[in-house]
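> pasted the sequence and its predicted model underneath.
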Amino acid sequence: MSIKFNQVYYTYSPKTPFENEALKNINFEIKEGSFTCLVGHTGCGKSTLIQHLNGLLVPSSGEVVVDDYVNTKKNRKMRRKLRDLRKKVGLVFQFSENQLFEETVEDDIAFGPQNFGVKKEDAKLIAKETLKLVGLDESFLKKSPFDLSGGEKRRVAIAGVLALKPDVLVLDEPTAGLDPKGTKELLAMVKNLNDSGKTIILVTHDINIVYEYADNVIVMDNGEVVKIATPSELFSENVEKYSLETPMIQKVTNMCFAKGLKLDINKIKNLESLVDEIAKVRSK
Amino acid sequence: MNLIEVKNLSYSYDGKINVLDDVSFVVEAGKYISIIGHNGSGKSTIAKLLTCLLEPKSGSIVAFGLKANRKNAREIRSHTGIVFQNPDNQFIGSTVRDDIAFGLENRQVKHEDMEGIIQEFASKVNMSEYLDKEPENLSGGQKQRVAIAGILAMKPDVVIFDEATSMLDPKGRNEIHETIKFMRKENPNLTLISITHDLEEAFASDHIIVLNKGKVSFEGSPKEVLQHRKELEEIGLDLPFKEKLVSLLNEKGFSLSSDESLERIVGKICQ
């Protein structure tokens, strides 16, 4: 199931003094099973864009095609199939832990499936399975979500979305505010979901996440897509023009190149592989 | 001079688990100290205790010669400013000007003096051009800078940053780092306490206190704290990039020192 944006424009509060064109002529395609990062500074339209993926927003013009669902202003009939779309595309908002509300973790995760007509008992089974996916054991089922740590809460919130068994998981800044350990664990979990076949779209400010995890990067600026590339393509050019930082690993790689040490860029994904590659090339 | 003395401080929210467990440290006047630890290590609880939002269950805090309790709360708060994590939760005014004025109004500063003070402190955080802007039109970094201006306008002795950069994008984070640098240069007597899990950020301070599960694991200058590499990693804190790079390369047989600049380190790798 692929995702396609065709000439998508979106304007907030049209024909008012507050009119604001948040998306301008967005065109791209995301392949099934890929890991895509969406980057750009605050206010560039990232959050507006992802809300088009599950029909929370309808383009002012143009269309967003997700599988057989066409999100467009023209085709009103399509909105009858919105439930199917929302099942397929799971959207995890920023600071998703704020959405927890039930008395137990089990009830909170089971809430979504029940809304889609799953019986309570079955929904509880789903909750149990899904909790495993986010790396928490069964002892959490009966706990109150409000007694958990920040990282645990966020995992429960993500489990609530995963319980609907979406094919596409969209995460808006899932690591913001988490400590380094929580960040690493959460990303390992997302990577696992990706390896098991889910399409991942991740919004982030953290350039190191992009470097290590993404297959593709979509860079946005001022409501427009300014670059689509693989991380190594993107960071081989000067990314400061997109108000992005160059990842430290790329900086070191560039410095090594400048000094004549020819590293194989395709082998470098993170700090460990950078050091391995340096050691290998030096020992030759 | 010790501005704040924390002795054998323990605190529990539910009466069962001690979020803080026998914590002691001192804060010297004019120093920039960082309290670091993972999510749930008790960092933010310390901030709340230092500002008398919570009262110690056992042990004591003496700040500015006063014992931290409900009676002294007003006095202690008059010396202390705090910048919280979420930029949106601390913007009270409808414009930047109103927001900076809020604290001054509470202190009953005369109206004719107020405009001058607002102008002065807005310019210190580079927000002079935004005085009439509404919070919706500001970035996270700008909102945090307005919060800092509002605090500085009250002339505090201590400013506490409670994860003030963790919700900001890299640009906003840099803005706050620059503002902190400026604050220190402009007023060397100002004491700063930064609560963070960003080691890169903590390494800009004079003294680091490492918290783990409610206890002080170790403390010292950034250099001293770096000696505890293993423990830092076990706690789940990420060493600064250069430190990690050097330590991994040395495992591969290089002999490099992280005291040198990144350029020199790379130069040695490529020799």
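Right, received. Where do you want to start? These figures come from a predicted structure and were not determined experimentally. Residues are numbered from 1 along each chain as shown, chains lettered A, B, ... in the order given.

> quick one: residue A:273 from residue B:39, how far?
Distance from residue A:273 to residue B:39, counting by Cβ to Cβ, to the nearest Å: 28 Å. Placement of C-beta: from N, CA and C, glycine included.

> between those two, which one's more packed in?
Neighbours per residue (other Cβ atoms under 10 Å in any protein chain shown) separate residue A:273 from residue B:39, with residue B:39 holding more: 23 against 14.

> residue numbers of the stretch 51-200 of chain B in contact with chain A?
The stretch 51-200 of chain B comes close to chain A at residues B:85, B:139-140, B:163, B:166-167, B:169-172, B:197, as judged by Cβ under 8 Å from any Cβ of the partner chain.

> out of those residues, grab the one that's most surrounded.
Neighbour counts for these peak at residue B:197, which has 26 neighbours (criterion: other Cβ under 10 Å).

> look at the residue nearest to that one when sequence neighbours are not counted and report its pLDDT.
For residue B:197, the nearest residue in space outside its immediate sequence neighbours is residue A:179; the separation is 4.2 Å by Cβ to Cβ, 6 or more residues apart in numbering or on different chains. pLDDT for residue A:179: 82.

> neighbours around residue A:179, how many?
Applying other Cβ under 10 Å, I find that residue A:179 has 28 neighbouring residues.

> in contact with it, which residues?
Contact analysis of residue A:179 by Cβ atoms under 8 Å, 6 or more residues apart in numbering or on different chains lists A:151, B:38-39, B:197, B:236-237.

> how about 6 Å then?
B:38-39, B:197, B:236 (Cβ atoms under 6 Å, 6 or more residues apart in numbering or on different chains).

> next one: phi and psi at the residue nearest to residue B:28 when sequence neighbours are not counted?
By the measure of Cβ to Cβ, 6+ apart, the closest residue to residue B:28 outside its immediate chain neighbours is residue B:2, 5.9 Å from it. Dihedral angles of residue B:2 (phi, psi; degrees, to the nearest 10) stand at phi -90, psi 120.

> quick one, longest helix in chain A?
Taking DSSP state H as the criterion, chain A has its longest helix at helix A:180-195.

> list the buried residues for stretch A:107-116?
Buried residues in stretch A:107-116, counting neighbours by 16 or more other Cβ atoms under 10 Å in any protein chain shown, are found at A:107-114.

> JSON lines for those, including pLDDT, distance to chain B and secondary structure?
As requested, those are exported to JSON lines (pLDDT from 0 to 100; distance: Cβ to the nearest Cβ, whole Å; DSSP: H, G, I helix; E, B strand; the rest coil):
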{"residue": "A:107", "pLDDT": "96", "distance to chain B": "22", "secondary structure": "helix"}
{"residue": "A:108", "pLDDT": "96", "distance to chain B": "20", "secondary structure": "helix"}
{"residue": "A:109", "pLDDT": "96", "distance to chain B": "21", "secondary structure": "helix"}
{"residue": "A:110", "pLDDT": "96", "distance to chain B": "26", "secondary structure": "helix"}
{"residue": "A:111", "pLDDT": "95", "distance to chain B": "25", "secondary structure": "helix"}
{"residue": "A:112", "pLDDT": "93", "distance to chain B": "25", "secondary structure": "helix"}
{"residue": "A:113", "pLDDT": "94", "distance to chain B": "29", "secondary structure": "helix"}
{"residue": "A:114", "pLDDT": "95", "distance to chain B": "30", "secondary structure": "helix"}
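
> out of the residues of the stretch 51-200 of chain B next to chain A, which is nearest to residue A:135?
Among those, residue B:197 lies closest to residue A:135 (Cβ to Cβ), at 19.9 Å.

> show the pLDDT at that closest one.
What the model reports for residue B:197 is a pLDDT of 86.

> in the stretch 151-284 of chain A, what residue comes closest to chain B?
Chain B sits closest to residue A:181 of the stretch 151-284 of chain A, with a gap of 2.8 Å, by Cβ to the nearest Cβ.

> what's the residue nearest to that residue when sequence neighbours are not counted in contact with, if anything?
Using Cβ to Cβ, 6+ apart and skipping the chain neighbours, the partner closest in space to residue A:181 is residue B:236 (2.8 Å). Residue B:236 is in contact with A:179-181, B:38, counting by Cβ under 6 Å, 6+ apart.

> which strands or helices does the longest helix of chain A pack on?
Packing contacts for helix A:180-195, counted by 3 or more Cβ pairs under 6 Å, 6 or more residues apart in numbering or on different chains; DSSP states H and E, involve no helix or strand.

> buried residues in that helix?
A:180-183, A:185-187, A:189-190, A:193-194.

> pull the residues that contact that helix.
A:35, A:134-135, A:151, A:174-175, A:200, B:38-39, B:236-238.

> rerun that using 8 Å as the cut-off
Identification of contacts with helix A:180-195 by Cβ under 8 Å, 6+ apart yields A:33, A:35, A:133-135, A:149-151, A:154-155, A:158, A:162, A:169, A:171, A:174-175, A:178, A:200, A:202, A:209, A:212-213, B:38-39, B:197, B:235-238.

> in helices, which of these appear?
Assigned to helices by DSSP H, the following of these qualify: A:133, A:150-151, A:154-155, A:158, A:162, A:209, A:212-213, B:235.

> widest-spaced pair of these?
The most widely separated members of the ones in helices among the contacts of helix A:180-195 are A:162 and B:235, with 29.0 Å between them, by Cβ to Cβ.

> more neighbours: these two, which one.
residue A:162 (24 against 21).

> now the residue nearest the centre of chain A: how far from residue A:36?
Chain A has residue A:202 as the residue nearest its centroid, 1.8 Å off, counting by Cα atoms, centre = their mean. To residue A:36, residue A:202 is 7 Å away according to Cβ to Cβ.

> which neighbours do the two have in common?
Common contact partners of residue A:202 and residue A:36 (Cβ under 8 Å, 6+ apart): residue A:214.

> which among the ones in helices among the contacts of helix A:180-195 gets closest to residue B:116?
For the ones in helices among the contacts of helix A:180-195, the nearest to residue B:116 is residue A:150 (41.6 Å; Cβ to Cβ).

> next one: phi and psi at residue B:26?
Taking degrees, to the nearest 10 as the convention, residue B:26 sits at phi -120, psi 150.

> near it, how many other residues are there?
16.

> over to residue A:203?
Neighbours of residue A:203 (other Cβ under 10 Å): 23.

> now the strands for chain A?
Assigned by DSSP state E, chain A shows strands spanning A:3-12, A:20-30, A:35-39, A:61-66, A:69-72, A:89-92, A:168-172, A:199-203, A:216-221, A:224-229.

> is residue A:220 bridged to anything, and to what?
residue A:225 (DSSP bridges).

> okay, and residue B:258 sits in which element?
Counting by DSSP states H and E, no helix or strand carries residue B:258.

> ok, and the closest non-adjacent residue to it?
Closest residue in space to residue B:258, ignoring its immediate chain neighbours: residue B:246 at 4.3 Å, by Cβ to Cβ, 6+ apart.

> dump the residue contacts of the one you found.
Residue B:246 sits in contact with B:256-258, B:265, where contact means Cβ under 8 Å, 6+ apart.

> residue A:86 too?
Shown in contact with residue A:86 (Cβ under 8 Å, 6+ apart): A:54-55, A:164.

> ok, 10 Å please
Shown in contact with residue A:86 (Cβ atoms under 10 Å, 6 or more residues apart in numbering or on different chains): A:54-56, A:69, A:112, A:115-116, A:164, A:166.

> wait, which of those is closest to residue B:81?
The shortest approach to residue B:81 among these belongs to residue A:56, at 38.9 Å (Cβ to Cβ).

> run a quick neighbour tally on the closest one.
Neighbour count of residue A:56, defined by other Cβ under 10 Å: 14.

> any idea how far the residue of the stretch 151-271 of chain B found nearest chain A is from residue B:37?
The stretch 151-271 of chain B approaches chain A most closely through residue B:236 (2.8 Å), counting by Cβ to the nearest Cβ. Counting by Cβ to Cβ, the gap from residue B:236 to residue B:37 is 9 Å.
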